[in-house]
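Enquirer: A structural model of the following input is requested.
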Amino acid sequence: MNYSKEQERAIRHVDGPCMVIAGPGSGKTAVITGRIKYLIESTGVSPSDILVITFTRAAANEMEQRFKAMTKGHNYHVRFGTFHSIYFWIVKTAYKLDNSNIISNEEKRKMIDGILSKMSLDYENKDDIISTIISQISLVKCDMIDIDNFYSREMPEEEFREIYRRFTKEMKRFGKIDFDDMMVMCYELLTNRSDILKSCRKIFRYIMIDEFQDSNKIQYEIFKLLAKPAENVFVVGDDDQSVYGFRGARPEIMFLFEKEFKGTKKYYLEENYRCDRVITEVSSKLISNNNKRFAKKLSSKSKEEGTFRLIETKDINAENDAIIENIRKHYDAGIPYEKQAVLYRTNIEPRRLVYKLNQYNIPYTISDSLPNLFEHFVVKNVLDYMRMAMGDMSRATFLRIMNKPSRYISRNLLVEEEIDFDMLMYRARDKEYVVERIDKLAHDLKLIRKMRPYPALNFIRNAIGYDDYLKNYAEYRQLDEDELFEILDEFAGMVSDFSSFGEMFEFIAEYTELLKKQQVEEKDKKGLRLLTMHSSKGLEFDVVYIMNAVEGIIPYKKAKTSAELEEERRMLYVAMTRARHEMYIYAPKEISGKNKKISSFLND
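Expert: Residues are numbered from 1 along each chain as shown. Predicted coordinates:
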């Protein structure tokens, strides 16, 4: 294989610490596999002394297959694995654990659900809250933070701390560990047992890490223990592609490496073999606006100029139409759907696009599950109002909305399975203010019955007071009220054209079935790729379309600090550098009836 001079220099590095800073499409995998081969065949290092760590099992398998392909005829036993698999091997060897000790995601969710119930914490959006709690528990462990010093941004601090303590107790009671516990246990083991640490150092004499910028604190601390004192470590990464801050990954770890491993040799892979010239130039200009980064002079090895277009559209519908038109144009020109990708910041964005792709019979796959808008609790509440207006008087439906907003209606009033407003008012006759509210609700439902879905939604939000209820709920639960209102705005956009409730509910049933079908077929399907920016990392396509390049989405509205904004810029950089030949960035001027400004990043 032909290597560039800098690739060759990195491959020939043998002893001592080394860091390879590898830009997008710069051939880092070729360098890692090339160095393994060089160590074994040219310097006499035993294959069993080499440990190669990647971040996913799929990446480890791919790396191993590429290494075997370039060393055909030899059966070199090099150890390839993820941080979790290697660290768990150390832990289970020491503690006699096995896979039955690892808690499944479903078990973990049930455990946390049980804790919330015991603490009498009632959340409307329980699934989302449980996901948030799991993510924050992981962050506490990965960042090695004392729980008393952790400040949750999603719920009251003491509430989260108590959930964390109870969860930890439950895990111990059932003898379960999760992936983060593996690393905590491994760190404690190697810190307290010098004999085991010494044995591990003998086994792992040469350590190589891919995607080093994605390391979190505890992974790095264990790695340091294993690497000393020989320091035969070779790390490959790109600080500009560090986008997993929510998992504890910090690009600063790459800067720390140089300080903590004295005499580190540094090699820069700055030649991009993937992207055409204009894409490399534009993405390089973008990322150069980040302050905390290694300075690089990135250049394209492509002989082609390539295409970069920034396209403003009237609104989301016009954006979707423009993207689909472009996809079909490229397909007709001979570019398969599989070589085209639509990228977006969050997994809720392509809802309407998915529906239109189905209308145009364009095959597609979604890497991140697409949340069903109609299953979100704020929409479900509105739909319950509409169902009651249409005649659904079931006790279950009424229970879900009777105090949203609060009408002080007691459950004790609900005796029968079918609601009778006259009977309710009779039972509440000693509380005049409750009777008035029940009467008003009955009157409001009669008014809604005569409306189309869109004006009915506005009536429920404003005249009935559902928006006020959401505002109070968000404040009480420390949620972002704007996010809840955006869900309703999105719902409004999807139902604005329906002339009847029947037509709307028919659409909802069809859309829900579509999502279920999509999830079942996903594994076998081929076609256009729909990906979040996070999921696009490591992939490449001939043509890339980036949606919704507007303030509040790119960069995401929750990014407030300079560090968070720099990560958002890195995310866009990752998305842009997925494109080989053509990149189209779309910026709608209006989303869900609200004016939007083009992303400040695009001024970069």
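Enquirer: now do the helices in the stretch 1-150 of the chain.
Expert: 5-11, 28-43, 57-70, 83-95, 105-118, 126-142 (DSSP state H, counting those that start in this stretch).
Enquirer: which of the ones you listed sits closest to residue 173?
Expert: Residue 173 lies closest, by Cβ to Cβ, to one member of those: helix 105-118, at 10.1 Å. The way it works is simple: take the backbone N, C-alpha and C, and place the C-beta from them, glycine included.
Enquirer: in that closest one, what counts as buried?
Expert: When burial is assessed from 16 or more other Cβ atoms under 10 Å, helix 105-118 yields the following buried residues: 108, 109, 111, 112, 115, 116.
Enquirer: can you put the helices of the stretch 1-150 of the chain in JSON lines and add mean pLDDT?
Expert: Output for these, formatted as JSON lines (pLDDT from 0 to 100):
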{"stretch": "helix 5-11", "mean pLDDT": "95"}
{"stretch": "helix 28-43", "mean pLDDT": "95"}
{"stretch": "helix 57-70", "mean pLDDT": "91"}
{"stretch": "helix 83-95", "mean pLDDT": "90"}
{"stretch": "helix 105-118", "mean pLDDT": "94"}
{"stretch": "helix 126-142", "mean pLDDT": "91"}
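Enquirer: can I get the buried residues of helix 105-118 in JSON lines including distance to residue 586?
Expert: Shown next, in JSON lines, are the buried residues of helix 105-118 (distance: Cβ to Cβ, whole Å):
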{"residue": "108", "distance to residue 586": "38"}
{"residue": "109", "distance to residue 586": "36"}
{"residue": "111", "distance to residue 586": "42"}
{"residue": "112", "distance to residue 586": "38"}
{"residue": "115", "distance to residue 586": "43"}
{"residue": "116", "distance to residue 586": "40"}
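Enquirer: show me which of those residues is closest to residue 170.
Expert: In terms of Cβ to Cβ, no member of the buried residues of helix 105-118 lies closer to residue 170 than residue 111, at 5.5 Å.
Enquirer: next, the contact list for that closest one, please.
Expert: Shown here is residue 111, whose contacts under the criterion Cβ atoms under 8 Å, 6 or more residues apart in numbering are 103, 167, 170, 171.
Enquirer: the first one contacts residue 177, correct?
Expert: Yes: because the distance of 6.8 Å satisfies Cβ atoms under 8 Å, residue 103 is recorded as touching residue 177.
Enquirer: what touches both of those two?
Expert: In terms of Cβ under 8 Å, 6+ apart, residue 103 and residue 177 are both contacted by the residues residue 171.
Enquirer: contacting residues around stretch 279-290?
Expert: Among residues not part of stretch 279-290, those counted as contacts by Cβ under 8 Å, 6+ apart are 24, 240, 272, 275, 293, 296, 298-300, 302, 306, 308, 566, 569-570, 572-573, 576-577, 579-581, 583, 601, 604.
Enquirer: kindly report the same for stretch 450-459.
Expert: 382, 385-386, 389, 444, 447-448, 488, 491-492, 495-501, 504.
Enquirer: can we see that at 6 Å?
Expert: By Cβ atoms under 6 Å, 6 or more residues apart in numbering, the surrounding residues in contact with stretch 450-459 are 448, 492, 495, 496, 498, 499, 504.
Enquirer: would you turn these into TSV with distance to residue 216 and neighbour count?
Expert: TSV is the format used below for these (distance: Cβ to Cβ, whole Å; neighbours: other Cβ atoms under 10 Å):
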residue	distance to residue 216	neighbour count
448	50	22
492	40	17
495	42	23
496	44	13
498	47	17
499	53	10
504	45	22
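Enquirer: out of those, which two are the most distant from each other?
Expert: 448 and 496 (16.4 Å).
Enquirer: neighbours of residue 391, how many?
Expert: 8 (other Cβ atoms under 10 Å).
Enquirer: for it, phi and psi?
Expert: Backbone torsions of residue 391, given as degrees, to the nearest 10, read phi 120, psi 0.
Enquirer: how far does stretch 224-244 stretch from one end to the other?
Expert: The straight-line separation of the ends of stretch 224-244 (Cα to Cα, to the nearest Å) is 21 Å.
Enquirer: next one: that stretch to chain centre, how far?
Expert: Stretch 224-244 has its C-alpha centroid displaced from the chain centroid by 24 Å (Cα atoms, centre = their mean, to the nearest Å).
Enquirer: just stretch 73-87 next, same as before
Expert: Relative to where its chain is centred, stretch 73-87 has its mean C-alpha point 28 Å off (Cα atoms, centre = their mean).
Enquirer: buried residues in that stretch, which are they?
Expert: Buried residues in stretch 73-87, defined by neighbour count with 16+ other Cβ under 10 Å: 78, 79, 80, 81, 82, 83, 84, 85, 86, 87.
Enquirer: then stretch 185-204?
Expert: Buried, per 16+ other Cβ under 10 Å, within stretch 185-204: 185, 186, 187, 189, 190, 197, 200, 201, 204.
Enquirer: cool, stretch 158-169 as well?
Expert: Taking 16+ other Cβ under 10 Å as the basis for neighbour counts, the residues of stretch 158-169 that come out buried are 159, 160, 161, 163, 164, 166, 167.
Enquirer: mind listing the strands for the stretch 151-300 of the chain?
Expert: Assigned by DSSP state E, counting those that start in this stretch, the stretch 151-300 of the chain shows strands spanning 206-209, 233-237, 265-269, 271-272, 299-300.
Enquirer: coming back round to it: any chance of the buried residues of stretch 158-169 in TSV, with distance to residue 536 too?
Expert: Conversion of these to TSV gives the following (distance: Cβ to Cβ, whole Å):
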residue	distance to residue 536
159	35
160	31
161	35
163	33
164	32
166	37
167	32
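Enquirer: farthest-separated two in those?
Expert: Greatest spacing in the buried residues of stretch 158-169, by Cβ to Cβ: 159 and 167 (12.6 Å).
Enquirer: among the strands of the stretch 151-300 of the chain, which is nearest residue 375?
Expert: Distances from residue 375 to each of these were compared using Cβ to Cβ; the minimum, 38.3 Å, belongs to strand 233-237.
Enquirer: that closest one pairs with which strands?
Expert: Here the strand partners of strand 233-237, with direction, are listed using DSSP bridges: strand 18-22 (parallel), strand 206-209 (parallel).
Enquirer: which residues does the longest one contact?
Expert: Yep, that's strand 18-22 we're talking about. Outside of strand 18-22, the residues that reach it under the criterion Cβ under 6 Å, 6+ apart are 10, 28, 234-236, 238, 257, 264-269, 294.
Enquirer: buried subset of the residues you listed?
Expert: By 16+ other Cβ under 10 Å, the contacts of strand 18-22 give 10, 28, 234, 235, 236, 238, 257, 264, 267, 268, 269, 294 as buried.
Enquirer: return the member of the residues you listed nearest to residue 127.
Expert: The closest of the buried ones among the contacts of strand 18-22 to residue 127 turns out to be residue 238 (Cβ to Cβ; 34.3 Å).
Enquirer: OK, contacts around the closest one?
Expert: Listed by Cβ under 6 Å, 6+ apart, the contact partners of residue 238 are 22, 23, 213.
Enquirer: all strands of the stretch 451-600 of the chain, in order?
Expert: Taking DSSP E, counting those that start in this stretch as the test, the strands found in the stretch 451-600 of the chain are 528-532, 541-546, 579-588, 590-591, 594-595.
Enquirer: point out where this protein drops to low pLDDT.
Expert: Regions of the chain meeting the criterion pLDDT under 70 cover residues 519-524, 604.
Enquirer: how close does the residue nearest the centre of it get to residue 241?
Expert: Within the chain, the residue whose C-alpha comes closest to the C-alpha centroid is residue 534; the distance, by Cα atoms, centre = their mean, is 6.0 Å. For residue 534, the distance to residue 241 under the criterion Cβ to Cβ, to the nearest Å works out to 11 Å.
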